[in-house]
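1. Let me see the structure of the following:
(one chain, ligands or ions: 1)
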Amino acid sequence: MNILRFLTAGESHGKALVGIIEKIPSGMALSSEDIDDELKRRQLGYGRGGRMKIEQDRAQILSGVRWGKTIGSPIALLIENRDWMNWQEGMSSESVHEGSLAPVTKPRPGHADLGGALKYNHKDVRNVLERSSARETAMKVALGAIARKFLSFFSVHIGSCVTQIGTAAMPETMLNELRSRLAVPDFLKKIDASPVRCPDADTAGNMTALIDKAQQNGDSLGGRFEVVAAGIPAGLGSHIQWDRRLNGMLSQAFMGIQAIKGVEIGDGFACSDKFGSQVMDEIFYRDPEPDNKQQPSEGGIGFYRLTNHAGGIEGGITNGMPVVVRAVMKPIPTLKKPLHSIDLITKESLKAAYERSDTCAVPAAAVIGEAMAALVIADAFLEKFGGDSLDETKRNYDAYIDYLKKF
Ligand SMILES: Cc1cc2nc3c(=O)[nH]c(=O)nc-3n(C[C@H](O)[C@H](O)[C@H](O)COP(=O)(O)O)c2cc1C
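-> Predicted structure coming up:
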């Protein structure tokens, strides 16, 4: 990310998660409800473990907002971990509490446990797992909510759905038809109401049945999801350097989500067995009306496409079509029926540690994907349009849209 910067800190069972985001322009209305609404969406989903029942995340805004509006300074957020009350000594920062909790010495395959212990010279895997846990994604979503609010002033809408859990997959034809609606706020509400974030009732039923089966077997599941951002003007990102390509930035952001193992932009891997003529989105033009209000998916103004195989990005630059990112989440690694491991201290063969865990978290990962997309796209907006106040960013944006209309 070039302009917008953010950092998170906090352990899963520590006192709180904290986050700082810098470079959101001044004068933008922002309330803790804007953030809490997104946090609630992350906590939904069939197959989550007991932790989500304990935590009802709420963000406190510590800085950067005064009387309901951003003031241009870094925005700091805090989300308390309610579970902290059960871990006050075990996760205490004070040396007097050392040894109050038995060390975790049985690294779980699929987690940062072993690599982290070796790298940081820890004989207690808790020192690794507390931070590698996806509890941190609550703060990603909170910071993403701020980016999302910023983008809403430019009619950018972001939505997601789960397309596959285990072998239960939504038919590709149905997905093509759905894609244009995914980011429409009313439709998004419908998807939010599905326990697996899947708008097709038959597929959703298959998904929940599979999750039940995995749970009964002490096993877990992963899947696929898709994030769509509509209302994006042509010209964000750049072809001029590898690290300025918007598809590259989105891929890194999605791969930065815990358990994400693959990212596609638009048709992605499906392009491999097609002819060029089946994959490129042909270019058309219609004269923009003088009072033409920019519609979602019309960010190229006069120039438009009838298809969107490219997922809205060509040569690292947005082309005015909705940006489509698809991702694969691997199954949850902590298993009730644990896999083989080795004790870090004694080197004896044993089963990996089990700690209360989700069976499937793909619906939550989709909401986290929306947040990461919002952060990357907001960054690209600020790079293109600049502005220290929202009014200034809007003036620059409006001038650019006028320019596109006259191009
Ligand atoms: C929303 C979400 C919830 C998750 N919940 C769990 C969980 O309950 N138990 C678990 O072992 N892993 C869970 N994971 C997956 C791990 O965080 C992830 O696999 C781990 O950090 C290892 O990182 P890697 O898979 O990217 O290599 C979750 C991931 C996400 C995105």
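2. tell me how far stretch 143-152 is from the chain's mean position?
-> Put simply, stretch 143-152 sits 12 Å off its chain's centre (C-alpha atoms, centre = their mean, to the nearest Å).
3. Equivalent analysis for stretch 217-235, please.
-> 8 Å.
4. got the buried residues for that stretch?
-> Going by neighbour count (16 or more other C-beta atoms under 10 Å), the buried part of stretch 217-235 is 220-235. (Glycine included, C-beta is placed from N, CA and C.)
5. What about these, which are in strands?
-> 223-230 (DSSP state E).
6. ok, of those, which one's closest to the ligand?
-> Nearest to the ligand among those, counting by C-beta to the nearest ligand atom, is Phe225 at 10.5 Å.
7. what residues are up against the residue in the stretch 101-250 of the chain that the ligand sits nearest to?
-> Across the stretch 101-250 of the chain, no residue is closer to the ligand than Ala134, which sits at 3.3 Å (C-beta to the nearest ligand atom). Ala134 is in contact with 258-259, 361, counting by C-beta atoms under 8 Å, 6 or more residues apart in numbering.
8. make it 6 Å
-> Applying C-beta atoms under 6 Å, 6 or more residues apart in numbering, we find Ala134 in contact with Gln258.
9. Could you tell me the per-residue confidence at it?
-> Ala134 carries a pLDDT value of 96.
10. Can you report phi and psi for it?
-> phi -80, psi 0 (degrees, to the nearest 10).
11. Kindly confirm my reading that Thr8 forms part of a strand.
-> Yes - assessed with DSSP: H, G, I helix; E, B strand; the rest coil, Thr8 lies in a strand.
12. Please enumerate the helices of this protein.
-> Along the chain, counting by DSSP state H, helices occupy 32-43, 51-54, 113-120, 126-132, 137-152, 172-179, 185-193, 201-216, 246-255, 276-279, 362-385, 390-406.
13. can you pull the buried residues of the third one?
-> Of the residues in helix 113-120, those with enough neighbours to count as buried (16+ other C-beta under 10 Å) are 113-114, 116-117.
14. what packs against it?
-> Judged by 3 or more C-beta pairs under 6 Å, 6 or more residues apart in numbering; DSSP states H and E, the packing partners of helix 113-120 are helix 126-132.
15. Does the ligand have contacts with the helix it packs on?
-> Yes - using C-beta under 6 Å from any ligand atom, helix 126-132 reaches the ligand at Ser132.
16. Residues in contact with that helix: which ones?
-> Contacts of helix 126-132 (C-beta under 6 Å, 6+ apart): 11-12, 104, 112-113, 116-117.
17. need the residues of the stretch 1-150 of the chain near the ligand, please.
-> So the stretch 1-150 of the chain meets the ligand at 49, 110-112, 132-134, 137 (C-beta under 6 Å from any ligand atom).
18. which bits of the stretch 151-300 of the chain sit near the ligand?
-> Applying C-beta under 6 Å from any ligand atom, we find that the stretch 151-300 of the chain lies next to the ligand at 257-259.
19. could I get those as CSV with neighbour count and pLDDT?
-> Listed next are those as CSV, based on neighbours: other C-beta atoms under 10 Å; pLDDT from 0 to 100:
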residue, neighbour count, pLDDT
Ile257, 20, 98
Gln258, 19, 98
Ala259, 20, 98
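20. List just the nearest of those residues to His97.
-> Gln258 (27.6 Å; C-beta to C-beta).
21. any idea how far the closest one is from Val228?
-> 22 Å (C-beta to C-beta, to the nearest Å).
22. And for His13?
-> 35 Å.
23. still on that earlier bit, only whichever of the residues of the stretch 1-150 of the chain next to the ligand are buried, select them in PyMOL.
-> Here is the PyMOL selection string for the buried members of these, based on 16+ other C-beta under 10 Å:
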select buried, resi 49+110+111+112+132+133+134+137
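24. Taking the residues of the stretch 1-150 of the chain next to the ligand together, which two end up most distant?
-> The most widely separated members of these are Gly49 and Ala112, with 18.5 Å between them, by C-beta to C-beta.
25. how about the strands of the stretch 251-400 of the chain, start to end?
-> Applying DSSP state E, counting those that start in this stretch to the stretch 251-400 of the chain gives strands spanning 260-265, 284-285, 303-304, 313-314, 317-318, 323-329, 340-342, 349-351.
26. what comes into contact with the fourth one?
-> Residues external to strand 313-314 that are found in contact with it (C-beta under 6 Å, 6+ apart): 246-247, 265.
27. 10 Å - rerun?
-> Applying C-beta atoms under 10 Å, 6 or more residues apart in numbering, the contact partners of strand 313-314 are 232, 234, 236-237, 239, 245-248, 250, 265-266, 280-281, 305, 319, 321, 323-325.
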